[in-house]
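> fold the following for me, if possible:
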Amino acid sequence: MFTSQPIGFIHSPYRESSAIPKGLGAKHDAEGVIELLREFAPGLTDIDGFSHLFVLWQFDRADGFDLIAHPPTDEGRPHGVFATRSPRRPNPIGLTVVELLHREGSSLHVRGVDMIDGTPVLDIKPYLSSIPSERLRRGWLAEAEERRES
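Residues are numbered from 1 along each chain as shown. Next up is the predicted model:
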């Protein structure tokens, strides 16, 4: 069995999940700070050269899970939880791409947070992708966006 421990916590403007922008066209441009625990600070060596980061974090306030989700981005239509960003997951892990604005000691100032203030951060990785944008598909979300535009 895998047991995780936080490497730090996010400081965000969001105090509750209802304040986080959701739905089609939601913009995630809020700034926040990822504050690493002191013992993990050496792990930030050379991170300054990256523009964006993957942040793995824990939905620490989610209760239980559903295998079928009804995201507001698709008028409540049902989708498998693994095809959504629902917090009610078998393993309550979140993934967010943020823009690294700057580092200050063991703190990373970032833009693009979509987590509640105090959320445990499990890992940080540099954002790298070798997939050309023309090959990316957005699944049911592209269909929902198309319906919205009609």
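> look up phi and psi at residue 107.
Dihedral angles phi and psi of residue 107 (degrees, to the nearest 10) take the values phi -110, psi 140.
> okay, now residue 82: neighbour count?
By the criterion of other CB atoms under 10 Å, residue 82 has 10 neighbours. Where C-beta positions appear, they are placed from N, C-alpha and C, glycine not excepted.
> check residue 8 too.
Per other CB under 10 Å, the neighbour tally for residue 8 reads 26.
> and what of residue 78?
Neighbour tally, residue 78, other CB under 10 Å: 11.
> isn't it up against residue 66?
No - applying CB atoms under 8 Å, one finds residue 78 not in contact with residue 66, separated by 9.7 Å.
> how much space between residue 18 and residue 107?
In this structure, residue 18 and residue 107 are 27 Å apart, going by CB to CB, to the nearest Å.
> neighbour count: the two, which is higher?
Between residue 18 and residue 107, counted using other CB under 10 Å, residue 107 has the larger neighbour count: 16 against 8.
> got a list of what that one touches?
Contact partners of residue 107, counting by CB atoms under 8 Å, 6 or more residues apart in numbering, are 33-36.
> what bridges to it?
Beta bridges link residue 107 to residue 35, residue 104, judged by DSSP bridges.
> great, nothing more from me.
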